[in-house]
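Enquirer: next one to model:
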Amino acid sequence: MGSDFRYIDENLKQIQYNISEAAAKYRSPEDRIRLMAVTKTVSYEAVNHAVSLGVELLGENRVQEYQSKKDFYSKSAEVHFIGHLQTNKVKYIINTVSMIQSVGSVKLASEINRLAEANGRIMDVLCEVNIGGEESKSGISPVELYELLERASEMKNIRVCGLMTIPPPVESDIYLGRMQELFCGVRAKNIGGIEMNELSMGMTHDYAAAVKYGSTLVRIGTGLFGARNYNK
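Expert: Take a look at the predicted model:
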């Protein structure tokens with residue numbers, strides 16, 4: 001295929017159309033919905049082509065893969081880390097991403113806070129909620145979320161900006177709705193030091209539904225770049 005990335009152009013147009021249609025049907029005109037390009041296994045050339053088309057936000061799943069590609073990315077793109085993150089890997093990304101979306105424990109929040117302080121910065125984070133209670137997925141349970149938020153609110157070098165989830169693929173509408181209720185419930189409590197501006201949910205198979213249920217940020221990989229090649 002070489003450098004022929006025209007398929008990305010067409011995919012992006014379709015995604016943007018679908019988001020616009022869902023937003024027009026279910027959301028207020030002033031609502032902001034951001035599109036994140038998820039880059040797992042995708043070449044930096046393809047990623048940069050998407051950026052050239054106006055995609056401003058990239059999502060990284062794997063620390064080692066990100067380390068190998070980050071220097072080649074267009075400098076105009078913002079990068080969030082969205083994958084499962086071990087505490088011993090935080091040091092590798094603390095200065096090169098603008099947000100960590102996958103904070104699902106006090107232990108991880110504490111390590112991010114410690115390293116952010118050591119590097120003289122405040123790290124924006126989202127708390128990842130395992131809304132479906134799936135053993136195969138990371139994230140904190142809804143019943144334990146408030147304890148995490150309370151603890152995180154006391155940490156001076158992280159800023160909780162909202163919530164993130166990966167709902168079960170079956171009956172995802174139900175879980176998207178539950179996540180919206182949880183998000184609105186947290187926001188209504190006005191916890192000091194906690195912002196509830198971002199609700200990151202929706203992927204290739206359910207992003208239009210996620211827009212319906214209040215997502216402010218959809219994370220799309222396969223729908224934009226095509227099927228992943230896990231042998232890379």
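Enquirer: can you show me the strands along the protein?
Expert: Ranges of strands in the chain, per DSSP state E, are 34-38, 57-60, 78-81, 99-103, 123-129, 158-165, 194-200, 217-220.
Enquirer: in this structure, where's the longest helix?
Expert: helix 6-26 (DSSP state H).
Enquirer: specify the angle between that helix and strand 34-38 in degrees.
Expert: Inter-element angle recorded for helix 6-26 and strand 34-38: 150 degrees (by axes from the mean of the first three to the mean of the last three Cα atoms, to 10 degrees).
Enquirer: tell me the mean pLDDT for helix 6-26?
Expert: For helix 6-26, mean pLDDT is 97.
Enquirer: which strands and helices lie in contact with it?
Expert: strand 34-38, helix 44-52, helix 207-212, helix 222-225 (3 or more Cβ pairs under 8 Å, 6 or more residues apart in numbering; DSSP states H and E). (Each C-beta comes from the backbone N, C-alpha and C, glycine too.)
Enquirer: one more time with 6 Å, if that's ok
Expert: Contacts defined by 3 or more Cβ pairs under 6 Å, 6 or more residues apart in numbering; DSSP states H and E place helix 6-26 against helix 207-212.
Enquirer: may I have the helix it packs on exported as PDB, CA atoms only?
Expert: What follows is helix 207-212, C-alpha atoms only, in PDB (Å, rounded to 0.1, in the frame of the first residue of the first chain):
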ATOM      1  CA  TYR A 207     -19.200   5.700  19.000                       C
ATOM      2  CA  ALA A 208     -22.500   7.000  17.700                       C
ATOM      3  CA  ALA A 209     -24.300   5.500  20.600                       C
ATOM      4  CA  ALA A 210     -21.700   7.000  23.000                       C
ATOM      5  CA  VAL A 211     -22.400  10.400  21.500                       C
ATOM      6  CA  LYS A 212     -26.100   9.800  22.400                       C
END
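Enquirer: quick one: distance of that helix to the chain centre.
Expert: Distance of helix 207-212 from the chain centroid (Cα atoms, centre = their mean, to the nearest Å) equals 15 Å.
Enquirer: what residues does that helix touch?
Expert: Identification of contacts with helix 207-212 by Cβ atoms under 6 Å, 6 or more residues apart in numbering yields 18-19, 22-23, 26, 33, 173, 176, 201-202, 218.
Enquirer: just the buried positions in that helix, please.
Expert: 207-212 (16 or more other Cβ atoms under 10 Å).
Enquirer: low-confidence regions, the protein specifically.
Expert: For the chain, residues meeting the criterion pLDDT under 70 lie at 1-3, 229-232.
Enquirer: make it 80
Expert: Along the chain, segments meeting pLDDT under 80 span 1-3, 228-232.
Enquirer: tabulate the strands of the chain (CSV), appending distance to Glu111.
Expert: Formatted as CSV, those follow (distance: least, Cβ to Cβ, whole Å):
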stretch, distance to Glu111
strand 34-38, 24
strand 57-60, 18
strand 78-81, 13
strand 99-103, 10
strand 123-129, 11
strand 158-165, 10
strand 194-200, 19
strand 217-220, 23
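Enquirer: mind listing what's buried along the longest helix of the chain?
Expert: Across helix 6-26, burial judged by 16+ other Cβ under 10 Å covers 8, 11-12, 15, 19, 22-23.
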